[in-house]
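> no FASTA, just this:
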């Protein structure tokens, strides 16, 4: 618990976190307000697609997750950190907790902004809202995807350690390579990170052999697997700078 | 049981050997100077003692156990490594808070150590704007946070101004006087010779000598310059010992006997001393000779 608290303090005592999340939430808010407020109702169609947002916050949380791991190596604070806790995996467990928590927190703020703006504008313009149960499902999927993608970024950061390299690797793995699995035979492609998140969002972009829960579990397995590998590597590495 | 011990420690990086079959022990209650030219393996040895890197072979022990087995790390051992190891965007106070929280150290202790290193006024500024000396003091504050039984400081005098150096010396002596173990590295003998009682010297990853400062001062070609009211009487008294005595104008140059022994001898004979100074120059020369490296020169 004390290590979780310490990691939480580390996250919020640099401006980076505030700036990144601020920009992302502002962007998501602008999108929800402007798009739902101005676009023709016929084009908006299903409000679900607005609820999942632009992907900006998703990318920011991915990068923030990477930073939770890499800033310690970039600035050499890993040595101080591991002096307090010479056993290293509890520190990484704390970081995992923080990644999940900050993702959940950002998700809750996001839902408040997106739900408040998009839904009220949509219904005030005469759009028909889906059943509450459906909305809850969509938003729950979104919040959980934010928590998991931050953990996913942490895993990549712990493996790669070099800040720029890790950010590029995480974005490439997640976004750039995401069309490739579509080319794979059968439903194999559905198990890749971007496709699994799609299923978690309940979007039908992936061919959708996974339902929302399975999509969430598959992506959680990716995030946890990368974290576990990264933790193993950090526990074995020498800290000589 | 020594507080800190390395036993046949070897650390290789690829083909290069940073530390080569090194063994020494550090006792509590005194300041031990860890000397060697840049690249001698001091930092590697210290990092092995802190559990930050794994020995290729041999052991590094803290209170007789591997560092990862420490029950309460921050209260056992405090370390100040390179002065640059801070997040530039975090304030000094917040840096210390993250460490204190992780080790369950109460908040007021953060203010205490900030006060001790005289950083209270700058505590809320981001580390980015700190001078090298301020970073060194912040690193020391972090080391002192848990009131540890052992202090390991890597080149702590770098970047300190003369008042800072003096403050550091007083602090280290006070810590040792409280019974704590202090290991402080330097590539300059002059930096530790006013503080350390014990010296561990390494070169190319190997032990060159472990000796007390007094022995080092007395041994070899090192000399002590003495002036006394009764110079002839003192020369006679010294002649009865193994010391080599030569006359240098109004003073004697004494070899093979430490300043303390000369002082004691003078007291026994009732001779008033006017000056008693280890010849720094010859100490440095002997050190450089041992280190066999230009880099050890100031």
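That came through, no problem. The structure presented is a predicted model; accordingly, all values stated were derived computationally and were not measured. Residues are numbered from 1 along each chain as shown, chains lettered A, B, ... in the order given.
> let me see the ranges of the strands in the stretch 101-250 of chain B.
Ranges of strands in the stretch 101-250 of chain B, per DSSP state E, counting those that start in this stretch, are B:150-154, B:181-186, B:198-203, B:206-212, B:223-228, B:244-248.
> pull up the pairing partners for the fourth one, direction included.
It stands for strand B:206-212. strand B:198-203 (antiparallel) (DSSP bridges).
> just the first one next, same as before
In the sheet containing strand B:150-154, the strands it pairs with under DSSP bridges are strand B:77-80 (parallel), strand B:181-186 (parallel).
> and the ones you listed as JSON lines, adding mean neighbour count and mean pLDDT?
C-beta coordinates here come from the backbone N, C-alpha and C atoms, glycine included. Putting these into JSON lines (neighbours: other Cβ atoms under 10 Å in any protein chain shown; pLDDT from 0 to 100) gives the following:
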{"stretch": "strand B:77-80", "mean neighbour count": "26", "mean pLDDT": "94"}
{"stretch": "strand B:181-186", "mean neighbour count": "25", "mean pLDDT": "95"}
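> which one of these lies nearest to residue B:195?
strand B:181-186 (7.3 Å; Cβ to Cβ).
> chain center to that closest one: distance?
4 Å (Cα atoms, centre = their mean, to the nearest Å).
> and if you look at stretch A:227-241?
Relative to its chain's centre, stretch A:227-241 lies at 23 Å (Cα atoms, centre = their mean).
> and the average pLDDT for that stretch is what?
Mean pLDDT, taken over the full extent of stretch A:227-241, equals 91.
> can you pull the pLDDT of residue 72?
Defaulting to chain A. pLDDT, residue A:72: 94.
> other chain: chain B
pLDDT, residue B:72: 90.
> what residues does the stretch 1-150 of chain B have near chain A?
B:13, B:43-44, B:47, B:50-54, B:67-68, B:70, B:73-74, B:77, B:79, B:81-82, B:84-91, B:94-95, B:97-99, B:101-104, B:142 (Cβ under 8 Å from any Cβ of the partner chain).
> which ones among those residues lie within strands?
Of the residues of the stretch 1-150 of chain B next to chain A, the ones assigned to strands by DSSP state E are B:13, B:77, B:79.
> which one of those is nearest to residue B:1?
Out of these, the member with the shortest distance to residue B:1 (by Cβ to Cβ) is residue B:77, at 15.0 Å.
> where does the prediction get shaky in the chain?
The chain I'm using is chain A. A:203-209, A:241 (pLDDT under 70).
> my question was about chain B
In chain B, residues with pLDDT under 70: B:83-84, B:218-222, B:280-283, B:293-298.
> show me how it divides into domains.
B:4-217, B:223-279 (automatic domain parsing).
> the closest residue to residue A:115 other than its chain neighbours - how many residues pack around it?
Excluding its sequence neighbours, the residue lying closest to residue A:115 (Cβ to Cβ, 6 or more residues apart in numbering or on different chains) is residue A:139, at 6.8 Å. By the criterion of other Cβ atoms under 10 Å in any protein chain shown, residue A:139 has 19 neighbours.
> try residue B:248
Counted with other Cβ under 10 Å, residues neighbouring residue B:248 total 11.
> the one 3 residues further on too?
By the criterion of other Cβ under 10 Å, residue B:251 has 17 neighbours.
> what pairs with it across the strands?
Going by DSSP bridges, residue B:251 forms beta bridges with residue B:248.
> of all of the stretch 151-298 of chain B, which residue lies closest to chain A?
Proximity of the stretch 151-298 of chain B to chain A (Cβ to the nearest Cβ) peaks at residue B:152, 9.5 Å away.
> and that residue, how far from residue B:4?
From residue B:152 across to residue B:4, the span is 8 Å (Cβ to Cβ, to the nearest Å).
> and the two? which has more neighbours close in?
It is residue B:152, of residue B:152 and residue B:4, that has more neighbours when counted by other Cβ under 10 Å, with 27 against 24.
> now that one, nearest residue through space, not along the chain?
residue B:79 (4.4 Å).
> residue B:226 too?
Of all residues not flanking residue B:226 in the chain, residue B:252 sits nearest, at 4.8 Å (Cβ to Cβ, 6+ apart).
> what's the burial count for residue B:164?
18.
> dump the residue contacts of it.
B:133, B:136, B:137, B:157 (Cβ atoms under 8 Å, 6 or more residues apart in numbering or on different chains).
> repeat that with 7 Å
The contact partners of residue B:164, taken as Cβ atoms under 7 Å, 6 or more residues apart in numbering or on different chains, are residue B:133.
> thinking again about what came up before, turn the strands paired with strand B:150-154 into CSV, including distance to residue B:171.
Converted to CSV, the strands paired with strand B:150-154 look like this (distance: least, Cβ to Cβ, whole Å):
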stretch, distance to residue B:171
strand B:77-80, 11
strand B:181-186, 9
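> what about the residue nearest to residue B:226, distance to residue A:170?
73 Å.
> could you do residue A:185 as well?
27 Å.
> so between those two, which is more surrounded?
Between residue A:185 and residue A:170, counting by other Cβ under 10 Å, residue A:170 is the more crowded of the two (26 against 6).
> wait, that one touches residue A:156, no?
Yes: using Cβ atoms under 7 Å, residue A:170 makes contact with residue A:156 at a distance of 4.2 Å.
> hang on, the earlier thing: residue B:235 versus the residue nearest to residue B:226, what's the distance?
When residue B:252 is compared with residue B:235 (using Cβ to Cβ), they lie 6 Å apart.
> which residues of the chain fall in helices?
No chain specified, so I'll use chain A. Remark: helices assigned in chain A by DSSP state H are A:2-12, A:15-38, A:41-44, A:48-51, A:56-74, A:77-84, A:89-114, A:120-124, A:132-160, A:163-171, A:193-200, A:212-236.
> hmm, no, I was thinking of chain B.
B:42-49, B:73-76, B:92-102, B:107-116, B:132-144, B:162-177, B:189-192, B:213-218, B:231-239, B:259-269, B:280-291.
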